[in-house]
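Enquirer: Structure here, sequence nowhere to be found:
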């Protein structure tokens with residue numbers, strides 16, 4: 001049985017929400033956060049990326065950074081731009097990007113259910129990133145950003161969400177990237193909580209490190225209220241996954257192409273920058289795009305069937321000697337939202353000889369199958385878009 005819990009959120013005032021809300025911490029670098037926060041003193045980037053308010057020679061993992069984040073959250077909570085709800089609520093959160101729309105439930109989920117496997121993961125986490133987010137949670141006594149979860153489509157839940165979206169919204173704005181964010185408050189939380197109990201299990205779409213950090217923060221401190229953390233739970237059928245691409249440093253791109261040709265891996269030189277179907281990968285090397293066909297896997301797991309896994313099995317391991325995509329320093333991962341022109345630009349401007357792999361997107365059915373099998377995907381297998389904004393509904397505890 002999956003739980004979702006109402007909470008009394010710290011939030012921006014309705015007229016300030018557009019200026020407070022920001023992209024999640026993990027889709028931008030510190031340098032990009034600096035640029036995005038320029039001239040925006042109310043941006044929530046000052047809370048989730050507080051290193052931007054300190055000297056550039058201070059590490060993002062310095063204790064001063066965590067103190068600054070807590071200080072900035074306190075200032076926001078005391079400012080005229082914020083409001084502390086006094087009654088627990090659940091919220092509907094709608095994302096619109098071009099012709100795509102998805103609506104989810106914004107509430108709290110349990111760290112215990114995460115640890116016990118009611119909330120299923122599909123990726124490993126990196127200890128330094130978990131430690132970093134755990135320190136922010138503990139220092140701030142808050143979960144500042146929601147996790148993106150999905151549940152198998154349920155008509156009763158979706159009907160309740162649909163009725164909520166016909167009321168007046170709490171927030172409604174279009175961010176600078178063109179994505180519209182709309183939030184409503186549910187009038188009847190008890191009916192939704194009961195309906196949600198049938199959604200077992202639920203699945204992590206985006207935010208594995210935030211889930212693990214929420215568990216660690218509660219496990220280490222036991223602070224009252226820290227045993228639940230915020231998430232937006234979307235019906236699986238409404239979510240959209242883009243490709244997660246790779247740029248890889250190699251010694252000799254031309255040699256790689258010849259070796260793959262000899263192994264009958266390269267099908268054509270038509271110049272397709274995006275693969276047209278599962279089992280295809282587009283390779284940018286030596287100034288041109290090539291289509292690569294991935295053979296059927298020789299391995300037996302559910303996750304082994306994924307294109308990103310077969311890329312490792314048939315190309316990265318035998319041709320490039322890369323056995324662990326998670327830790328190999330020669331790989332840079334590029335979200336599909338940045339487009340294939342970004343891959344070309346990175347290869348052509350790299351100080352080292354490089355190639356790029358443009359992937360066919362992992363499907364939601366594949367994600368659910370891997371999670372249900374209690375297996376793990378290779379790192380950076382999914383890029384969910386559109387992204388949730390941070391700073392809209394904050395969970396404070398303690």
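Expert: Received the coordinates, thanks. For clarity, every value in this text was computed on a predicted model and none was experimentally measured.

Enquirer: Would you map the helices across the stretch 251-398 of the chain?
Expert: 253-262, 307-311, 317-320, 339-349, 364-372 (DSSP state H, counting those that start in this stretch).

Enquirer: which outside residues touch the first one?
Expert: Okay, so that is helix 253-262. For helix 253-262, contacts defined as Cβ atoms under 8 Å, 6 or more residues apart in numbering pick out 250, 266, 283, 285-286, 290, 292, 315, 319-320, 353-355. C-betas here are computed from N, CA, C, even on glycine.

Enquirer: hmm, back to that, between the helices of the stretch 251-398 of the chain, which one is closest to residue 189.
Expert: helix 364-372 (26.9 Å; Cβ to Cβ).

Enquirer: List the buried residues in the closest one.
Expert: Buried residues in helix 364-372, counted by 16 or more other Cβ atoms under 10 Å: 364, 366-371.

Enquirer: could you redo these as JSON lines and give each row distance to residue 125 and pLDDT?
Expert: Below are the buried residues of helix 364-372 laid out as JSON lines (distance: Cβ to Cβ, whole Å; pLDDT from 0 to 100):
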{"residue": "364", "distance to residue 125": "21", "pLDDT": "96"}
{"residue": "366", "distance to residue 125": "20", "pLDDT": "97"}
{"residue": "367", "distance to residue 125": "17", "pLDDT": "96"}
{"residue": "368", "distance to residue 125": "20", "pLDDT": "96"}
{"residue": "369", "distance to residue 125": "21", "pLDDT": "97"}
{"residue": "370", "distance to residue 125": "16", "pLDDT": "97"}
{"residue": "371", "distance to residue 125": "15", "pLDDT": "96"}
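
Enquirer: could you redo those as CSV and give each row distance to residue 184?
Expert: As requested, those are exported to CSV (distance: Cβ to Cβ, whole Å):
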residue, distance to residue 184
364, 25
366, 32
367, 27
368, 27
369, 32
370, 33
371, 29
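
Enquirer: what about the stretch 251-398 of the chain, any weak spots by pLDDT?
Expert: Applying pLDDT under 70 to the stretch 251-398 of the chain flags residues 268-270.

Enquirer: again, 90 this time
Expert: Along the stretch 251-398 of the chain, the model assigns pLDDT under 90 to residues 261-272, 298, 325-327, 379.

Enquirer: Return the member of the contacts of helix 253-262 nearest to residue 276.
Expert: Distance to residue 276, by Cβ to Cβ, is smallest for residue 292 among the contacts of helix 253-262, at 12.1 Å.

Enquirer: Could you tell me how many residues sit around that closest one?
Expert: Using other Cβ atoms under 10 Å, residue 292 is surrounded by 20 other residues.

Enquirer: What of the one 5 residues further on?
Expert: Residue neighbour count, defined by other Cβ under 10 Å, stands at 15 for residue 297.

Enquirer: Show me just the buried residues among the contacts of helix 253-262.
Expert: Buried among these (16+ other Cβ under 10 Å): 250, 266, 283, 285, 290, 292, 315, 320, 353-355.

Enquirer: what would those residues look like in JSON lines with distance to residue 12?
Expert: Output for the buried ones among the contacts of helix 253-262, formatted as JSON lines (distance: Cβ to Cβ, whole Å):
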{"residue": "250", "distance to residue 12": "47"}
{"residue": "266", "distance to residue 12": "52"}
{"residue": "283", "distance to residue 12": "45"}
{"residue": "285", "distance to residue 12": "47"}
{"residue": "290", "distance to residue 12": "48"}
{"residue": "292", "distance to residue 12": "47"}
{"residue": "315", "distance to residue 12": "46"}
{"residue": "320", "distance to residue 12": "47"}
{"residue": "353", "distance to residue 12": "47"}
{"residue": "354", "distance to residue 12": "42"}
{"residue": "355", "distance to residue 12": "44"}
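
Enquirer: Can you list the buried residues in stretch 115-135?
Expert: Buried, per 16+ other Cβ under 10 Å, within stretch 115-135: 118-123, 125, 129-130, 132-135.

Enquirer: so of those residues, which ones are in strands?
Expert: 119-120 (DSSP state E).

Enquirer: how close does residue 77 get to residue 330?
Expert: 44 Å (Cβ to Cβ, to the nearest Å).

Enquirer: Since that was my last question, I'll sign off now.
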